[in-house]
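>>> give the three-dimensional model of this entry:
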Amino acid sequence: MKSDYDSKEKVHKRAEEILGIPFGELAKDVNSKKTKNSVGDLFESWFGKARDSASEPDLGVSELKATPYIKRKGGQYSAKERLVLNIINYQNLADEEFETSHFYHKNKVIELAFYEYIKDKPRSEWTFSEVALFEMAKNPTDYAIIRNDWDKIQRYVKEGHAENLTESLTDYLAACTKGANAQSLRTQPYSDVKAKQRAFSLKTSYMTQLLREYILGDKKSDFILKNSREAADKSLADVLIEKLSPYFGQNSIDICTELGVKIRPGIKNYNSLLIRAMLGFDTSKKSGLDNISELNKASYLIKTVQFDYAGTNSESMSFPSFKFKDLVQEQWKDEDNNPSAKLNILMSESTFVFAIFQHSSVDNEESDNVFKGIKFYKMPQAIINNEIYCVWQDTIDTLNEGVKLWRDGRGIRNNFVNAGDQRVIHVRPHAGYASYIDNGYANELPVPSRWLGDEKDKPRQFSSQYMTNQCFFLNNKFIRDIVRDLVQIH
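Numbering: from 1, shown residues only. Model (predicted):
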């Protein structure tokens, strides 16, 4: 039977008509939890498409997808999850070409329906708030990177290593686990080892940038890749090396002179602004390297690391601060065995790009601060599942038992895992000032803290319900061991 929506224009027009209609009016059983994808089924039924049926050959798009987003505590919106696409058939993938692949045929034109996931509001009152026609090839930059990711996933299969696929291997397009449980396995063509069932997916970070730039706002972003010719057959790693390698071995002052930029000496984010300049971005941005669109979509974290003349880096690397009450509600993995906790997602999906600077004399002046190079690093899954998980769980246990506080010669101490414990990560304050009351420097604890010290040592303003904002830090020694080959030891 021929569909009434046999062109992408007709599909998109029909999709726009669903906006603002409460889910409860679209389907009587919308509150049913019998199917995980009930919202997606609801969107598909809007086009007369039966649940779980294959895409109609005469429907004007390849796929119809519903995808949720959430409002963060600070008011910013983020994608709630990755956009899961089709299951990967390892046997077929090995022999495909990208342009004629099942993946591209299935996902080259997607009608996306966005809805806000509001935990405290009945699902029957939710609505689709935005729709968009996603045509992969119309963004040459993203298309090239997605194609490069597909090639990398295929290469693992061709080499007989599908069991070693992880989400952190790629930039935008990931191979996420998909199955009833971790034991859902599939055969692969060039190995007798069975591999976890996986699906192609667009990463949460990619969907978040898509949401913020194109869906909820006007796109205003800089591009690392300027056009499709620059993008062809290049990964983001290739582009970063191409742009930064000409400056390897040069000192900060000479780099600024060559680029014609002025960065005030001595400011805290001097090195970050210098990297921005080398990548061709405006150095007036206060956020340094945190707001570069293409890096964010690919979960690339560029982190500058400063070494002194002797070859020591004193600073550990901070991650975003967490809310105590939110952290204790997290699950490390979801029912499909995919990362669920924010720290697990960050570590599993991110590619760290360490940009190394070292002083060439004991004076530690900007004029002798040399850009040594960059080092790409993906956190090994064994470290994530053991070392990092243990610190994350210990932090939750400490919060649920009531944080212990006392004062010593260095100030107020607590019993979170600290830098001196020599773990991969640790917990310490992430605020301008120490605070134990309800203000911008502290947040509420799930269980009251326990003061172990002398009562006279308590801060004058103190509530056991609040504690200074904290975050996870990657230990400086761990970073030092990763980049040791770029650092000169004196």
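
>>> switch to C-alpha atoms for all contacts and neighbour counts from now on
Noted.

>>> all strands for the stretch 1-150 of the chain, in order.
Taking DSSP state E, counting those that start in this stretch as the test, the strands found in the stretch 1-150 of the chain are 63-71, 77-79, 83-87, 109-116, 128-135.

>>> pairing partners for the second one, with directions?
Just to be clear, that refers to strand 77-79. Its sheet considered, strand 77-79 pairs with strand 63-71 (antiparallel) by DSSP bridges.

>>> pull out the CA atoms of the partner strand and give them to me as PDB.
Extracted C-alpha coordinates of strand 63-71, given in PDB (Å, rounded to 0.1, in the frame of the first residue of the first chain):
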ATOM      1  CA  GLU A  63      13.800   6.400   9.500                       C
ATOM      2  CA  LEU A  64      11.400   8.000  12.000                       C
ATOM      3  CA  LYS A  65      13.100   8.600  15.400                       C
ATOM      4  CA  ALA A  66      11.900  10.100  18.600                       C
ATOM      5  CA  THR A  67      14.600  11.300  21.000                       C
ATOM      6  CA  PRO A  68      14.400  12.800  24.500                       C
ATOM      7  CA  TYR A  69      16.200  15.700  26.000                       C
ATOM      8  CA  ILE A  70      16.400  17.000  29.600                       C
ATOM      9  CA  LYS A  71      16.800  20.400  31.300                       C
END
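
>>> ok so, going back, turn the strands of the stretch 1-150 of the chain into a markdown table, columns for mean pLDDT and distance to residue 280.
Listed next are these as a markdown table, based on pLDDT from 0 to 100; distance: least, Cα to Cα, whole Å:
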| stretch | mean pLDDT | distance to residue 280 |
| --- | --- | --- |
| strand 63-71 | 94 | 31 |
| strand 77-79 | 92 | 27 |
| strand 83-87 | 94 | 31 |
| strand 109-116 | 93 | 32 |
| strand 128-135 | 90 | 28 |
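
>>> can you give me the helices in the stretch 301-450 of the chain?
324-327, 342-349, 381-383, 389-401 (DSSP state H, counting those that start in this stretch).

>>> low-confidence regions, the stretch 301-450 of the chain specifically.
366 (pLDDT under 70).

>>> picking up where we left off before, of all the strands of the stretch 1-150 of the chain, which one comes closest to residue 122?
For the strands of the stretch 1-150 of the chain, the distance to residue 122 is smallest for strand 109-116, at 11.9 Å, taking Cα to Cα.

>>> okay, now the sheet partners of that closest one, with direction.
With DSSP bridges as the test, strand 109-116 is paired with strand 63-71 (parallel), strand 128-135 (antiparallel).

>>> tell me, how many residues neighbour the closest residue to residue 283 other than its chain neighbours?
Sequence neighbours aside, residue 273 is the residue nearest to residue 283 in space, at 5.5 Å (criterion: Cα to Cα, 6 or more residues apart in numbering). Look at residue 273: counted by other Cα atoms under 10 Å, it has 26 neighbours.

>>> ok so, going back, and the helices of the stretch 301-450 of the chain, which is most packed in?
Highest mean neighbour count of the helices of the stretch 301-450 of the chain: helix 342-349, a mean of 20 (counted as mean count of other Cα atoms under 10 Å).

>>> in terms of secondary structure, what does it contact?
Where contact means 3 or more Cα pairs under 8 Å, 6 or more residues apart in numbering; DSSP states H and E, helix 342-349 is not packed against any helix or strand.

>>> how far off centre is that helix?
Distance of helix 342-349 from the chain centroid (Cα atoms, centre = their mean, to the nearest Å) equals 7 Å.

>>> surely residue 161 and residue 191 touch.
Yes. Counting by Cα atoms under 8 Å, residue 191 is a contact partner of residue 161 at 7.4 Å.

>>> between the two, who's got more neighbours?
residue 161 (19 against 15).

>>> would the residue nearest to residue 283 count as being in a helix?
Yes. Counting by DSSP: H, G, I helix; E, B strand; the rest coil, one finds residue 273 located in a helix.

>>> from now on call the first residue 19
Right, with 19 as the first residue, what we last looked at is residue 291.

>>> double-check it against residue 285; I have them as touching.
No. Residue 291 lies out of contact with residue 285 (Cα under 8 Å); the separation is 9.8 Å.

>>> ok so, going back, if I look at the residue nearest to residue 301, how far off is residue 463?
Applying Cα to Cα, to the nearest Å, the value for residue 291 to residue 463 is 36 Å.

>>> likewise for residue 181?
In terms of Cα to Cα, residue 181 sits 41 Å off from residue 463.

>>> re earlier: residue 126: which of the helices of the stretch 319-468 of the chain is closest?
Closest among these, once you apply Cα to Cα, is helix 360-367, at 23.4 Å.

>>> who's in contact with the closest one?
Helix 360-367 is contacted from outside by 185-187, 317, 350-351, 357, 396-397, 399, 402, 407, 410, using Cα atoms under 8 Å, 6 or more residues apart in numbering.

>>> what sits against residue 146?
When contacts are counted by Cα under 8 Å, 6+ apart, residue 146 touches 36-40, 131-134.

>>> if you could redo that for residue 226, that was the one I meant.
95-97, 315.

>>> got phi/psi on it?
phi -60, psi -50 (degrees, to the nearest 10).

>>> may I ask which of the contacts of residue 146 has the most neighbours?
The most crowded member of those, judged by other Cα under 10 Å, is residue 131 (25 neighbours).

>>> touching, that one and residue 84? I think so.
Yes. Contact criterion Cα under 8 Å: residue 131 and residue 84 qualify, at 4.6 Å.

>>> okay, and the common contacts of these two?
In contact with both residue 131 and residue 84: residue 61, using Cα under 8 Å, 6+ apart.

>>> check the spacing between the closest residue to residue 480 other than its chain neighbours and residue 424 real quick.
Among residues not flanking residue 480 along the chain, residue 454 sits closest, at 5.0 Å (Cα to Cα, 6+ apart). From residue 454 across to residue 424, the span is 13 Å (Cα to Cα).

>>> higher neighbour count, the two?
It is residue 454, of residue 454 and residue 424, that has more neighbours when counted by other Cα under 10 Å, with 23 against 17.

>>> show me what contacts that one?
Residue 454 neighbours (Cα under 8 Å, 6+ apart): 460, 477, 479-486.

>>> among these, name the buried ones.
460, 481-486 (16 or more other Cα atoms under 10 Å).

>>> show only the entries of these found in helices.
Among the buried ones among the contacts of residue 454, DSSP state H puts none in helices.

>>> these in strands, which ones?
Among those, DSSP state E puts 460, 484-486 in strands.

>>> report the two of those separated the most.
Most distant of these, by Cα to Cα, are 484 and 486, 7.1 Å apart.

>>> overlap of the contact sets of those two?
The contact lists of residue 484 and residue 486 share 453-454, 460-461, where a contact means Cα under 8 Å, 6+ apart.

>>> pick the one among those closest to residue 231.
Closest to residue 231, out of all of the shared contacts of residue 484 and residue 486 and judged by Cα to Cα, is residue 461, at 29.8 Å.

>>> for that closest one, give me its contacts.
Going by Cα under 8 Å, 6+ apart, the list of residues near residue 461 reads 341-342, 484-487.

>>> and the strands in the stretch 269-418 of the chain, which stretches?
Under DSSP E, counting those that start in this stretch, the stretch 269-418 of the chain gives strands at 318-325, 335-340, 369-377, 387-395.

>>> for the third one, list the C-alpha coordinates in PDB.
In this case it means strand 369-377. Output in PDB follows, covering the C-alpha atoms of strand 369-377 (Å, rounded to 0.1, in the frame of the first residue of the first chain):
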ATOM      1  CA  THR A 369      39.000  10.900  23.800                       C
ATOM      2  CA  PHE A 370      41.500  12.900  25.900                       C
ATOM      3  CA  VAL A 371      43.800  15.200  23.900                       C
ATOM      4  CA  PHE A 372      46.600  16.200  26.300                       C
ATOM      5  CA  ALA A 373      48.400  19.400  25.000                       C
ATOM      6  CA  ILE A 374      51.700  19.400  26.700                       C
ATOM      7  CA  PHE A 375      53.700  22.600  27.700                       C
ATOM      8  CA  GLN A 376      57.000  22.600  29.500                       C
ATOM      9  CA  HIS A 377      59.300  25.300  30.800                       C
END
